[in-house]
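*Asks:* I'd like to go over a predicted model; first the sequence, then the structure.
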Amino acid sequence: MSGNKLALRAAAQSANDLPEVESWANPNLVKMAGAETLLPGVEIYATGWQTALRRDPSIKSFEFDWEVTSPPVISIPVKSPRVKVLGFAFPESANWESFARKAEKRQKPDSGSELARKRRPKPKQPGAAKKSKGRTRVLPPRDVIKLEDRLYYLLQPPLESIAATESLRFPFEPFPYQFEGVAFLYSRFAGILADEMGLGKTMQAITTIRMLLCSSEVRNVLLICPKPLVSNWKKEFELWAPEIPISIVHGNSSRREWQWTQTADVPVTIANYELVLRDELVVTDEDRHFDLVVLDEAQRIKNKSSSTSRVIRRIPRTRSWALTGTPVENSCEDLVGIFEFLSPGYLYTGLEPARMGEMVGDYILRRTKAMVMTDMPPCMNRDAEIALSPEQWDQYQVAENDGVIKLNKMGDALTIQHVFELVLRLKQICNFDPLTGASAKLDRLEADLEEVAASGKKAIVFSQWVKTLEKIAERLERFNPLQYHGRIPSNKRDPILERFKEDEDCSVILMSYGAGAVGLNLQFCEYVFLFDRWWNPAIEDQAINRAHRIGAKGAVTVTRMISSGTIEERIHQVLEEKRELFDMILSQAKGPAKSGLSQEDIFGLFQLKMPGSGDDLIGQVA
């Protein structure tokens, strides 16, 4: 046995000097001023330098060995009692169940809408993990640790039960996956709803905002979207949450400043990105705080060094949501820029894609049509390889050969801008011959539209150039084409879309990618033509999904026009390879996998070496 050594001090005071104290348990032990004292005046102190400061000058110490014997250990078998399960019944639970049963049996009245009359498809169930109908629960995020916070979400009734009450009415029965999207957003202070275009991100966001306002979780919401989509958001709020007052920021600076001062008293404020940037001082004022800021088309802030991103990150807020079908357009750095708004510093430049996918898994919800809309009409893609007209081919060969020779002669002075200008020139020749105006693509488009118009269908034609759309409109005059692009004033755009929908004589609408790729609902169209290719397949997908979305009447046929043997064929090949690569890398984050052309890709279109690579610039025209 090893001995325990104790240090004792004999105090100078006598027992008579001790104050009268109450003795307890041991009559030889009294308690004085928080210290245990052994009569006649022996104190036991803890060791340490503070103890030494309190010692009297006269100290006598001695050591002795104290033998300690271990007590005997007795084993006593104990049978574990059975766990008792206690059930808690809430007064409202009976109503929840009855509402849930009503929701499952209820048939929506015919509202006159095609969407209301459509039979709702069932969601695709992954594996054997099937969820019972009408039981979508709000689950707490992984970063919620406090028990009371987790219980708050876990004790919420199913969303279907809430939707069945009289307090929340819906014009149409939401899809099951849309309830899951609402459950995802409701519990998150930072999150990205990245559903594929056409699955109803707008409806899910509005429904969640509605529930948060009803439960007093939030009181004022700022929704920021592109300017062309402001009117669309207004209509969607009137449809899905007609009881919520909204304020749209517009007008001159004085009017806007007054509107910003009223945001605390208005449940929902809608503003476009340009006005937020213009009203930076007012929006970022620390005295003005928003409970929730929602960014629609959040890829607008993917560049974290841009002015738009910088201003929006400074807006005082509690919750931050991002809505986008393409959180990754060009590279993984796009996602880093968006997360600087959601959770600053959480992601950083240089992360491996696989690691980034793991980190953002709890912050992103991504569903595709193939995952949830098994009964949705299909989208059929076809690549129309079109041979250039003789006039076009002659102009194309001269432009490409001369252009590549010129680029080679530039040596180290060659920049991406020089190569990009050549690509644009060649793409424009593929559309129209600059001298004669001949166009093999337009000949093919005109023939296809004959069939579309004869069948009473409608079509959308996309191009990246307004001049190209104007030339197309001249040739397609008999189809009564309408134009929708950046040169059309914003106050005239909605009437154009309304006329295209209602006028049976208008068979085609000509759209630019910039104006028509986001936020529009054209599901009554069954044909989409991509007259020329965009640099990024994500933008093309957005354009296609203007027609292929919830409420589509039939199968959507997408025709991608590609001039064979030209730069368009090479661009198509590179984009398809990058689409497959990014799908594989970002699958863990369930994020979109679309990437545009990098500088190296653009140089590679002409087999040019980038300056500084150490190799000569050699161009070989394929």
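*Replies:* In hand now; what should we look at?
*Asks:* assumed residue 558 was part of a strand.
*Replies:* Yes: under DSSP: H, G, I helix; E, B strand; the rest coil, residue 558 falls within a strand.
*Asks:* residues contacting it?
*Replies:* Listed by C-beta atoms under 8 Å, 6 or more residues apart in numbering, the contact partners of residue 558 are 379, 380, 381, 382, 528, 529, 530, 544, 548. Glycine gets a C-beta too; all of them are placed from N, C-alpha and C.
*Asks:* wait, which of these is closest to residue 273?
*Replies:* residue 544 (24.0 Å; C-beta to C-beta).
*Asks:* my guess is that closest one meets residue 556, correct?
*Replies:* Yes: Residue 544 is in contact with residue 556 according to C-beta atoms under 8 Å; the separation is 7.4 Å.
*Asks:* name the residues contacting each of those two.
*Replies:* With C-beta under 8 Å, 6+ apart as the test, residue 544 and residue 556 both reach 379, 528.
*Asks:* for residue 189, give me phi and psi.
*Replies:* Per-residue torsions, residue 189: phi -90, psi -20 (degrees, to the nearest 10).
*Asks:* and it, how far from residue 299?
*Replies:* As judged by C-beta to C-beta, to the nearest Å, residue 189 and residue 299 stand 21 Å apart.
*Asks:* please apply the same query to residue 351.
*Replies:* Using C-beta to C-beta, residue 351 is found at 19 Å from residue 299.
*Asks:* could you do residue 364 as well?
*Replies:* Separation of residue 364 from residue 299 (C-beta to C-beta) stands at 13 Å.
*Asks:* mutual contacts of the two, please.
*Replies:* Common neighbours of residue 364 and residue 299 (C-beta under 8 Å, 6+ apart) are residue 327.
*Asks:* mark which of the contacts of residue 558 are part of helices, please.
*Replies:* Judged by DSSP state H, helices contain the following of these: residue 544.
*Asks:* and the buried ones among the contacts of residue 558, selectable in PyMOL?
*Replies:* To isolate the buried subset of the contacts of residue 558 in PyMOL, counting by 16 or more other C-beta atoms under 10 Å, use the following:
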select buried, resi 379+528+529+530+544+548
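*Asks:* tell me the one of the contacts of residue 558 nearest residue 411?
*Replies:* Nearest to residue 411 among the contacts of residue 558, with distances taken as C-beta to C-beta, is residue 530, at 36.5 Å.
*Asks:* in the chain, which helix or strand is least confident?
*Replies:* helix 114-117 (a mean of 38; mean pLDDT, DSSP states H and E).
*Asks:* show me which of the contacts of residue 558 is closest to residue 286.
*Replies:* residue 544 (43.3 Å).
*Asks:* which one's more surrounded, residue 351 and residue 299?
*Replies:* Taking other C-beta atoms under 10 Å, residue 351 and residue 299 do not tie; residue 299 has more neighbours (24 against 17).
*Asks:* how close does that one get to residue 473?
*Replies:* Between residue 299 and residue 473 the distance is 30 Å, computed by C-beta to C-beta.
*Asks:* ok, and what's touching stretch 136-150?
*Replies:* 152-154, 156, 158-160, 176, 179-180, 182-183, 186-188, 362.
*Asks:* just the CA trace of that stretch, in CSV.
*Replies:* Taking C-alpha atoms only, stretch 136-150 is exported to CSV below (Å, rounded to 0.1, in the frame of the first residue of the first chain):
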residue,chain,number,x,y,z
THR,A,136,-44.4,15.2,-43.9
ARG,A,137,-42.5,16.3,-40.7
VAL,A,138,-40.4,19.3,-40.1
LEU,A,139,-37.0,17.9,-39.1
PRO,A,140,-34.4,20.1,-37.3
PRO,A,141,-31.1,20.8,-39.0
ARG,A,142,-28.0,19.0,-37.9
ASP,A,143,-26.5,22.1,-36.3
VAL,A,144,-29.5,22.5,-33.9
ILE,A,145,-28.1,21.1,-30.7
LYS,A,146,-30.3,22.4,-27.9
LEU,A,147,-33.0,19.9,-26.8
GLU,A,148,-35.8,22.5,-26.6
ASP,A,149,-35.0,23.7,-30.1
ARG,A,150,-35.1,20.2,-31.6
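*Asks:* mind listing what's buried along that stretch?
*Replies:* Neighbour-count burial for stretch 136-150 [16+ other C-beta under 10 Å]: 136, 138, 139, 140, 141, 144.
*Asks:* quick one: which of these has the lowest pLDDT value?
*Replies:* Ranked by pLDDT, the buried residues of stretch 136-150 bottom out at residue 144 (66).
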